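Peer 1: Show me the folded form of this:
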Amino acid sequence: MCVRFQDKKFKKALENLKLAPIFNTSKLITLLLGGLEMLARVYRDPMDTFREFRGELDRMFNTNAVGYTDTATDWVPAVDIKEAKGAYELIADVPGVEPKDIDVSFEDGVLTVKGERKSESKEEKEGYTRTERTYGSFYRRFTLPDSADADNISAKTEHGVLKLHIPKKDKVLPKKISVEG
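Peer 2: Model prediction:
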């Protein structure tokens, strides 16, 4: 490898190095660049290990980062859960799912949201007809705290977003139980 420098200040700075008497400038530069090439070949980004680990987990659980599985029948909608002063809010992205196809239930402190989407689009143009069908079901479960008021949970959908409103119960003070002897 041959390197030439037009900048006289840089060349002068290299000549002033303590190594200059041992190596001439071109040999020093070649040595430095060769070392950098070797480092570039050996260097491994530490985040690669984490990316590989995440890929293995995704493959093991058969989902990718967006939430869709490798099968065409299942999918996992993205869900946000927020805690407000008097209630919990659960917001799920369920595009293409009709309200009649969503089932929400609460049993033993566990809120279950499941549903199914079915859609078909048909396009007819000159000489061809294109039909796309999308089918898929989802099933999500959430353990709610004891402060959740199961009797007053409400759900509504709007523009492909399911919103669940889970009110909190009034705080109940602990009851003192006397022990008779």
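
Peer 1: Distance check, the residue nearest to Gly86 when sequence neighbours are not counted against Ser137.
Peer 2: Nearest non-adjacent residue to Gly86, counting by CB to CB, 6 or more residues apart in numbering: Lys168, 5.6 Å away. All C-beta atoms are positioned from the backbone trio N, CA, C, and that covers glycine. Using CB to CB, to the nearest Å, we find Lys168 at a distance of 31 Å from Ser137.

Peer 1: Quickly list what the residue nearest to Gly86 is bridged to.
Peer 2: Ala148 (DSSP bridges).

Peer 1: picking that back up, and Lys168 and Ser137? which has more neighbours close in?
Peer 2: Higher neighbour count among Lys168 and Ser137: Lys168, with 18 against 14, using other CB atoms under 10 Å.

Peer 1: Identify the residues contacting stretch 79-89?
Peer 2: 90-93, 140, 142, 144, 148, 163-168 (CB atoms under 8 Å, 6 or more residues apart in numbering).

Peer 1: how does it look with 6 Å?
Peer 2: Stretch 79-89 is contacted from outside by Leu90, Ile91, Ala92, His165, Ile166, Pro167, Lys168, using CB atoms under 6 Å, 6 or more residues apart in numbering.
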